[in-house]
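Undergrad: Sequence plus predicted model, see below.
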Amino acid sequence: GAVVSQHPSRVICKSGTSVKIECRSLDFQATTMFWYRQFPKKSLMLMATSNEGSKATYEQGVEKDKFLINHASLTLSTLTVTSAHPEDSSFYICSAPTSGNFYNEQFFGPGTRLTVL
Amino acid sequence: AQSVTQPDIHITVSEGASLELRCNYSYGATPYLFWYVQSPGQGLQLLLKYFSGDTLVQGIKGFEAEFKRSQSSFNLRKPSVHWSDAAEYFCAVAPPSNQGGKLIFGQGTELSVKP
């Protein structure tokens, strides 16, 4: 199947700094990518839809100025957590659907563990 | 509101025993239904999916799931569990005719396998 990578896999930062997480589709092009947040022992919560060449669409309750999303190419979307605080510590997962004529199966990255001190 | 419920947070089964993980959904119309498995250090992997047709769906790794419209359920089963099946399992739904769009996930069920 298609492969989605994330970098870094783990990051620790100080409160107030910004952290960038990359999501890449390695062997297919993705005009759309999704960013999820997963709390311990919790479900995945969709944060936003990343659209290549246009603005991201954020889910209700997600601060777009805090979680900046850029989809600069058909294989790369980035999530920047700005002015990170300890409550932003979480597991961030991206996914990308492959193109097709019917339902486009989504492939998930391995996730990025963010710890804000 | 659209929702997915996995009533069991944690299940422990013996290796070789059968397994059933429950999933119920609340949706206006029959959505697309999915089961994913999440192992540490790996991305979510699709086990199986249901769009329409035969309500018994076969997936990878020996898993199957049955869609029951009357119960709004999509339970995952495996006749004989292997130790390597220990992982987190998520049921998810997507709106009908969703061209690769948003998924709504259940809370997940953690599966432990004892020797």
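TA: Sure, I can see it. Numbering: from 1, shown residues only, chains lettered A, B, ... in the order given.
Undergrad: Would you mind listing what in chain A touches chain B?
TA: A:4, A:9, A:32, A:34, A:41-46, A:49, A:93, A:95, A:97-100, A:103-111 (C-beta under 8 Å from any C-beta of the partner chain). Using the backbone N, CA and C atoms, a C-beta is placed for each residue, glycine as well.
Undergrad: Any idea what residue 12 is bridged to?
TA: Using chain A here. A:T115 (DSSP bridges).
Undergrad: my question was about chain B
TA: Taking DSSP bridges as the rule, B:T12 bridges to B:S112.
Undergrad: looking at it, it is touching B:E110, isn't it?
TA: No: using C-beta atoms under 8 Å, B:T12 makes no contact with B:E110, being 9.1 Å away.
Undergrad: quick one: which of those two has more around it?
TA: Neighbours per residue, other C-beta atoms under 10 Å in any protein chain shown: of B:T12 and B:E110, the larger number sits with B:E110, 15 against 11.
Undergrad: Pretty sure that one sits against B:I11.
TA: Yes: contact criterion C-beta under 8 Å: B:E110 and B:I11 qualify, at 7.3 Å.
Undergrad: just to revisit the earlier point, which PyMOL command selects the buried ones in the residues of chain A next to chain B?
TA: PyMOL command restricting the residues of chain A next to chain B to the buried ones, with burial defined by 16 or more other C-beta atoms under 10 Å in any protein chain shown:
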select buried, chain A and resi 4+32+34+43+44+45+46+49+93+95+97+98+103+104+105+106+107+108+109+110+111
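Undergrad: So which of the residues of chain A next to chain B sit within strands?
TA: Judged by DSSP state E, the residues of chain A next to chain B include A:4, A:32, A:34, A:44-46, A:49, A:93, A:95, A:97, A:106-108 as members of strands.
Undergrad: Any chance of CSV for those, columns pLDDT and distance to A:T78?
TA: Below are those laid out as CSV (pLDDT from 0 to 100; distance: C-beta to C-beta, whole Å):
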residue, pLDDT, distance to A:T78
A:V4, 92, 14
A:T32, 89, 15
A:F34, 92, 14
A:L44, 91, 19
A:M45, 92, 19
A:L46, 91, 17
A:T49, 91, 14
A:I93, 96, 14
A:S95, 92, 15
A:P97, 85, 18
A:Q106, 83, 18
A:F107, 88, 18
A:F108, 91, 17
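Undergrad: List just the nearest of these to chain B.
TA: A:P97 (2.9 Å; C-beta to the nearest C-beta).
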